[in-house]
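J.: Pasting the sequence and the predicted model now:
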Amino acid sequence: MPYLSYLKTLAACLFLSLQLPAQSPAILTLHMNEPGTPVSPGLYGLMTEEINYSYDGGLYGELIRNRTFQDSAKTAAFWHLQQAPDGKSSISLDKKDPVNPSLPVSLRLDLEKDGKTAIANEGYWGIPVRPATTYQGSFYAKSSVAGSQPLIVILESADGKTAFASTEVTGITSQWQRYNFTITTAPGMQPAKDARFVIAARKQGSYWFSLVSLFPPTFKDRPNGNRSDIMQLLADMHPAFLRFPGGNYLEGQIFSARFNWKKTIGPIDQRPGHLSPWKYRSTDGMGLLEFLGWCEDLNMEPLLAVFAGYTLNRDYLEAGPFLQPFVDDALDEIEYVTGDVNTKWGAQRAKDGHPRPFTLRYVEIGNEDAFDVSGSYEGRYTQFYAAIKAKYPSLQIISTVGGKDPLGGRFPAPQNKTEIVDEHYYRTASEMEENAKQYDSYDRKGPKIFVGEWATREGYPTTNFNAALGDAAWMTGMERNSDLVIMSCYAPLFVNVNPGGMQWKSNLIGYDALNAFGSPAYYAQKLFSTHIGDSVIKITADNIPTQLTKLTARDSSAGLQPKSIDALFFVATRDSKKNMVYIKIVNTQPTAQPVKINLEGSGKVSRNGTEWVLKADKPEDTNSITEPQKIVPIQSAIKGLGKTFTRTLPPWSITVLQLEAR
């Protein structure tokens, strides 16, 4: 046996030997006749930012990579010249005659002699093609060739031997014009994820191109819209809100690289794009209105984060007159979202295609400002808070004084006038389980809690089942305390699984050009978010099995000792309108666990119910692009329920019971 495998086996045996004997069965008593604390209707939502090619190369539908030729200052990155082996044609970047200030660079193709020569783009690790599918495309072009010479647009295989579809674009002149086209694949073809997009010319001369774009069918056919399969995965979670534009992407590495929302609205040819904090360029095709359209398509509330004068390189502006332009910019942004057509920015939104205002209840000031060692956040927050409340008194303001996970401690005391605090947690499964009761003892007189980023970080590029167990244990604590924890959202949401597509390990949803899949943690989230009532049912527990926390190498080197913690986690809620009860139980043990459930004080309980079980053979098991549904919930009808009944939980499992009780 290889040494590493031996160590893993030894560690597993030690873990099993450390399990304290579970009293059988565990007993959960639900106090049905006691009033329960309310469940926040916005408890489970989404958080997003441009990381791991989440927008460009991910959710955003654009298939062309480097569509404006600005990804590199020296070369036409991700574009290639196709010509005969003895050809002497060339491509180069040209800044002499731009389309407009937002499109300062074009790609120049110099065709040395008559004959087919082309430029090709392989997209974000391939252009996906499916049978009988129509793609919408466009580009700006001009040519030195006299007369109207057609260009040929082709979708072809990576080796160039198979053309999946082609069309002609005619009328190219010596002046910049935008040309639109459609291209349709044949029925019956095999889907391919590694196709390429080609524009071919045949007549000797020079050709210039800018803003080359290609879109597949998008979710709900929204122009400049989102990829359908990923959107459907999100829709199936029934999220309550979307926090955007998200984390570090909001701040940017420097002031000029922040999310400057005014440069992300209007036609895409007026959006210059910018460098994201994760070292690749953002097209800003996913702009402010697209985020709002995303909310509209999934029936979510927008949760708007505004830039607060602090960047990732720790540059910042003190509160006062120099910060005021950014405060004004935030007020303009809120007006763009909520203003009617008689306001300046509401009129601009209407011009951009959406006359009806959006509903907005929450605004977040900055991002993870616990990392601001300057101590400037309190002053900056106060200045933003005062200005926003003066103009929009009904808005609820979120402070980002949280961010650093204190692990066993508390976040810093919030500022005055703090209504909601954003707390972030990235932990191991053991740490999540150890802290699952964290909010049980929080002061209810303080501000409400928004857990704006959290995840169990085990497994990559998407998380494994052990992470799902940690996530589920943590969610029982948030749900049990959802009178205090009013919102939460996992992060990061997305990852492109191709080599080079990941900047952050452990993500919820993975994809390549053609396919998308949910991690085990995704299915845990989905189970929790789609089975929840409007009030928490108090539970008294007895005979709960325990486990010892698993220490990392760093913990061991620091002399830390394992702790005994629960191995079973649970929460129950009631839907008062439907008389439905949802019981969620997480078994983190490698052994089956019988659980006796008492519905104390209940009236009539239906004999029949429904059970969903998410489980794995090993905690390290996971889903992948090749095995997208290796671990998914299994739904089954169950019988023999009543005021008292027993269920046996499989090893390493997440179980949701749904039953009718009056």
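T.: Everything's here; your move. Numbers count the residues shown, from 1 in each chain.
J.: Point out where the stretch 301-450 of the chain drops to low pLDDT.
T.: Within the stretch 301-450 of the chain, the segments meeting pLDDT under 70 span 402-416.
J.: Let's see that with 80 instead.
T.: By pLDDT under 80, the weakly predicted segments of the stretch 301-450 of the chain are 401-417.
J.: what are the ranges of the helices in it?
T.: 324-338, 344-351, 377-391, 429-434 (DSSP state H, counting those that start in this stretch).
J.: give me every residue that touches the nearest residue to residue 304 once chain neighbours are set aside.
T.: Leaving out its chain neighbours, the residue that sits closest to residue 304 by C-beta to C-beta, 6 or more residues apart in numbering is residue 363, at 5.3 Å. Any C-beta I mention is one placed from the backbone N, CA and C, and that applies to glycine too. Residue 363 makes contact with 303, 304, 305, 306, 330, 334, 388, 392, 395, 396, 397, 398 under the criterion C-beta atoms under 8 Å, 6 or more residues apart in numbering.
J.: before we move on, what about residue 578?
T.: By C-beta under 8 Å, 6+ apart, the neighbours of residue 578 are residue 660.
J.: isn't there a helix covering it?
T.: No - if the criterion is DSSP: H, G, I helix; E, B strand; the rest coil, then residue 578 is coil and not within a helix.
J.: Distance of it relative to residue 30?
T.: Going from residue 578 to residue 30 by C-beta to C-beta, to the nearest Å gives 17 Å.
J.: likewise residue 477?
T.: 17 Å.
J.: Kindly report the same for residue 269.
T.: Remark: distance between residue 269 and residue 30 (C-beta to C-beta) = 59 Å.
J.: The two: who's more crowded?
T.: residue 30 (24 against 17; other C-beta atoms under 10 Å).
J.: In contact with the more buried one, which residues?
T.: 537, 538, 539, 572, 581, 583, 597, 598, 599, 600, 602.
J.: Please convert the residues you listed to a markdown table, extending it with pLDDT and distance to residue 184.
T.: Below are the contacts of residue 30 laid out as a markdown table (pLDDT from 0 to 100; distance: C-beta to C-beta, whole Å):
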| residue | pLDDT | distance to residue 184 |
| --- | --- | --- |
| 537 | 97 | 55 |
| 538 | 97 | 59 |
| 539 | 97 | 57 |
| 572 | 98 | 52 |
| 581 | 97 | 51 |
| 583 | 98 | 50 |
| 597 | 97 | 56 |
| 598 | 97 | 61 |
| 599 | 97 | 58 |
| 600 | 95 | 63 |
| 602 | 91 | 59 |
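J.: and the residues you listed, which are buried?
T.: Neighbour-count burial (16 or more other C-beta atoms under 10 Å) applied to the contacts of residue 30 gives 537, 538, 539, 572, 581, 583, 597, 598, 599, 602.
J.: residue contacts, the second one?
T.: Going by C-beta under 8 Å, 6+ apart, residue 538 touches 30, 31, 34, 36.
J.: Can you report phi and psi for the second one?
T.: In other words, residue 31. Main-chain torsions, residue 31, degrees, to the nearest 10: phi -90, psi 90.
J.: Neighbours of it, how many?
T.: Count around residue 31 with other C-beta under 10 Å applied: 17.
J.: Isn't residue 290 up against residue 224?
T.: Yes - Residue 290 lies in contact with residue 224 (C-beta atoms under 8 Å); the separation is 6.6 Å.
J.: Identify the contacts common to the two.
T.: Shared contacts of residue 290 and residue 224, defined by C-beta under 8 Å, 6+ apart, are absent.
J.: centroid residue for this structure?
T.: Centroid-nearest residue in the chain: residue 493, 2.6 Å away (criterion: C-alpha atoms, centre = their mean).
J.: Could you check how far that one is from residue 70?
T.: Taking C-beta to C-beta, one finds residue 493 at 26 Å from residue 70.
J.: Over to residue 443?
T.: Following C-beta to C-beta, the distance that separates residue 443 from residue 70 is 50 Å.
J.: Among the two, which residue is more densely surrounded?
T.: Per other C-beta under 10 Å, whichever of residue 443 and residue 70 has more neighbours is residue 70, with 19 against 8.
J.: how about stretch 260-276 as PDB, C-alpha atoms only?
T.: Extracted in PDB, the C-alpha atoms of stretch 260-276 (Å, rounded to 0.1, in the frame of the first residue of the first chain):
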ATOM      1  CA  ASN A 260     -17.700  51.300 -11.500                       C
ATOM      2  CA  TRP A 261     -21.400  50.700 -12.100                       C
ATOM      3  CA  LYS A 262     -21.900  53.600 -14.400                       C
ATOM      4  CA  LYS A 263     -19.500  52.000 -16.900                       C
ATOM      5  CA  THR A 264     -21.500  48.700 -16.800                       C
ATOM      6  CA  ILE A 265     -24.800  50.100 -18.100                       C
ATOM      7  CA  GLY A 266     -26.100  50.800 -21.600                       C
ATOM      8  CA  PRO A 267     -25.200  49.000 -24.800                       C
ATOM      9  CA  ILE A 268     -22.300  46.600 -24.500                       C
ATOM     10  CA  ASP A 269     -20.300  48.600 -27.100                       C
ATOM     11  CA  GLN A 270     -20.200  51.500 -24.500                       C
ATOM     12  CA  ARG A 271     -18.700  49.300 -21.700                       C
ATOM     13  CA  PRO A 272     -14.900  49.400 -21.600                       C
ATOM     14  CA  GLY A 273     -14.600  46.500 -19.100                       C
ATOM     15  CA  HIS A 274     -11.900  46.400 -16.400                       C
ATOM     16  CA  LEU A 275      -9.400  44.100 -14.700                       C
ATOM     17  CA  SER A 276     -10.900  41.900 -12.000                       C
END
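J.: distance between it and the chain's centre?
T.: 21 Å (C-alpha atoms, centre = their mean, to the nearest Å).
J.: pLDDT averaged over it - what is it?
T.: Averaging pLDDT along stretch 260-276 gives 97.
J.: buried set for that stretch?
T.: Buried residues in stretch 260-276, defined by neighbour count with 16+ other C-beta under 10 Å: 261, 263-266, 268-269, 271-276.
J.: swap in stretch 80-98?
T.: 81, 82, 83, 89, 91, 93, 94, 98.
J.: any idea how far the third one lies from residue 77?
T.: Taken as C-beta to C-beta, the spacing of residue 83 relative to residue 77 amounts to 19 Å.
J.: likewise the fifth one?
T.: Distance check for residue 91 against residue 77: by C-beta to C-beta, it reads 12 Å.
J.: what does the fourth one give?
T.: Counting by C-beta to C-beta, the gap between residue 89 and residue 77 amounts to 19 Å.
J.: likewise the last one?
T.: Counting by C-beta to C-beta, the gap between residue 98 and residue 77 amounts to 18 Å.
J.: Pull out the C-alpha coordinates of stretch 591-599 and format them as CSV.
T.: Extracted C-alpha coordinates of stretch 591-599, given in CSV (Å, rounded to 0.1, in the frame of the first residue of the first chain):
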residue,chain,number,x,y,z
THR,A,591,-22.5,4.4,11.4
ALA,A,592,-26.2,4.3,11.1
GLN,A,593,-28.1,6.2,13.8
PRO,A,594,-31.7,5.4,14.8
VAL,A,595,-33.7,8.5,15.9
LYS,A,596,-36.9,8.5,17.9
ILE,A,597,-39.0,11.5,17.1
ASN,A,598,-41.8,12.7,19.5
LEU,A,599,-44.3,15.4,18.3
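J.: Appreciated, that's everything.
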